[in-house]
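Colleague: coords please:
(4 chains)
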2 protein chains.
Amino acid sequence: MGPRERYREQVRDEIKAHAWEQVATAGATALSLNAIAKQMGISGPALYRYFASRDDLITDLVLDAYRDLAETCEAAYAAGDTPAGRLTATAAAIRGWALAAPHRYLLIYGTPVPGYAAPPESTALASRIMRLLLDGFTAAGAAATEADEHALRFWTRVHGVLSLEVAGHFTGMAFDPARLFAAEVSSVVPPVSPPVR
Amino acid sequence: MGPRERYREQVRDEIKAHAWEQVATAGATALSLNAIAKQMGISGPALYRYFASRDDLITDLVLDAYRDLAETCEAAYAAGDTPAGRLTATAAAIRGWALAAPHRYLLIYGTPVPGYAAPPESTALASRIMRLLLDGFTAAGAAATEADEHALRFWTRVHGVLSLEVAGHFTGMAFDPARLFAAEVSSVVPPVSPPVR
DNA sequence: CACGTTTGTTAGAACATCTAACGCAAGTAT
DNA sequence: ATACTTGCGTTAGATGTTCTAACAAACGTG
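Modeller: Numbers count the residues shown, from 1 in each chain, chains lettered A, B, ... in the order given. Below you'll find the predicted structure:
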């Protein structure tokens, strides 16, 4: 890799750093290429040498967020010692990751950006997390056909609490979201099996 | 009410109708006052006689959506005959409401719009739904202190499935969202009590 | 050293929200 | 019925956005 591409990569990273700052502050829809350029001391159109469009930049942010979440999950999963412990640790890691940067979580799981379509790469990263959950439930003794449902339930219950919490729909209600989250996680993680209908 | 206010109300409704059309098509962030004006055959700034700002219009849409959801829930709740039946019917009504207009659901429970802050009126409408659930669970025999947790769990589990489904995160995964939703609802609606940890 | 690719610049098109000032039509009051 | 007042719609413009086009300068490469 020549010095040209090295520089290019460096500027791209700087742009993304400023973009993340804006996303964390005001959300993804408020992301402004002009504002980023102003922060970097260059003119607006210069950014188009590095990202073809605003959606292109957002796509990159989405993929980075997905990758980071997948790695965070994998690290937490690996740190656990029992299957149940791995799954619980994974859930806790997801919550910590979401609360650390709510807009980053919403960038992935919130309202899809208007014209934007998720790249196929993102589904691959999402299934990386799914595979993790599947491994956990099969390791815990779930049948192969049931592991799918367990993993799905794990995911929807975790997301049900997190998305509402992150979007601020719990403010004003006097209860502890952490307790609710923990209860929901333990409701789906073995040895407490989820209720069958 | 004089003819002046009658006309004003009529124009406001027409504006909101076009706004809902745009929201349903491209989402709330793509809502353009200029486009609405063009559709109505009037000039852009004329709309500012009826809504002080774009956020003001969105606030009105949010409140209308909340109100509509609350009324839909109350109707479904009243239609059931047993407490469990009422709760199940309410859940089904919520899902139907969400799938009928995904962007309307996301307008309420999706990523909060950038600068926009939810008016206090919206929390009142949200608690109207909560009260419904509380009534249902207490009527089903839950202790007063437990009804809160049950209602909350009902809400997070319903939302966990719906928000992922509506945002399109289930596409490509070969399973029936309706089945998962029904299973999640029955997992939290009496007589099947949610698992305690 | 000279060449060519890449980068940053300015200018400008097309779109957005929103304010200001003006004219006109409609409802209201005398 | 006539005069008054209120409110609506217009155009013009300020300020912001994304993004394209054409040009200048700098840098790595032969």
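Colleague: what bits of chain A have low per-residue confidence?
Modeller: In the predicted model, chain A carries pLDDT under 70 at residues A:113-116, A:192-197.
Colleague: how about the helices of it, start to end?
Modeller: Listed in chain order, the helices of chain A (DSSP state H) span residues A:3-26, A:33-40, A:54-79, A:83-100, A:102-109, A:120-139, A:144-166, A:177-188.
Colleague: which helices and strands sit right next to the last one?
Modeller: In other words, helix A:177-188. Helix A:177-188 is packed against helix A:83-100, helix A:144-166, helix B:144-166, with contacts defined by 3 or more C-beta pairs under 8 Å, 6 or more residues apart in numbering or on different chains; DSSP states H and E. All C-beta spots, glycine's among them, are computed from the backbone N, C-alpha and C.
Colleague: repeat the analysis, applying 7 Å as the threshold.
Modeller: Applying 3 or more C-beta pairs under 7 Å, 6 or more residues apart in numbering or on different chains; DSSP states H and E, we find helix A:177-188 packed against helix A:83-100, helix A:144-166.
Colleague: which of those is buried the deepest?
Modeller: The highest mean neighbour count among those, using mean count of other C-beta atoms under 10 Å in any protein chain shown, belongs to helix A:144-166: a mean of 21.
Colleague: DNA strand C contacts on chain A?
Modeller: Applying C-beta under 7 Å from any atom of the strand, we find that chain A lies next to DNA strand C at A:4, A:7-8, A:11, A:37, A:41-46, A:49-50.
Colleague: restricted to buried residues, select those in PyMOL.
Modeller: Command for PyMOL that selects the buried part of the residues of chain A next to DNA strand C, burial taken from 16 or more other C-beta atoms under 10 Å in any protein chain shown:
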select buried, chain A and resi 37+50
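Colleague: adding distance to chain B, write the residues of chain A next to DNA strand C out as a markdown table.
Modeller: Converted to a markdown table, those look like this (distance: C-beta to the nearest C-beta, whole Å):
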| residue | distance to chain B |
| --- | --- |
| A:Arg4 | 37 |
| A:Tyr7 | 33 |
| A:Arg8 | 31 |
| A:Val11 | 27 |
| A:Ala37 | 20 |
| A:Gly41 | 25 |
| A:Ile42 | 25 |
| A:Ser43 | 25 |
| A:Gly44 | 20 |
| A:Pro45 | 24 |
| A:Ala46 | 25 |
| A:Arg49 | 27 |
| A:Tyr50 | 24 |
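Colleague: circling back to that earlier point, same list (the helices and strands packed on helix A:177-188) but as TSV, adding distance to chain B.
Modeller: Converted to TSV, these look like this (distance: least, C-beta to the nearest C-beta, whole Å):
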stretch	distance to chain B
helix A:83-100	11
helix A:144-166	2
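Colleague: next, format those as a markdown table and append distance to DNA strand D.
Modeller: Formatted as a markdown table, those follow (distance: least, C-beta to the nearest atom of the strand, whole Å):
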| stretch | distance to DNA strand D |
| --- | --- |
| helix A:83-100 | 25 |
| helix A:144-166 | 24 |
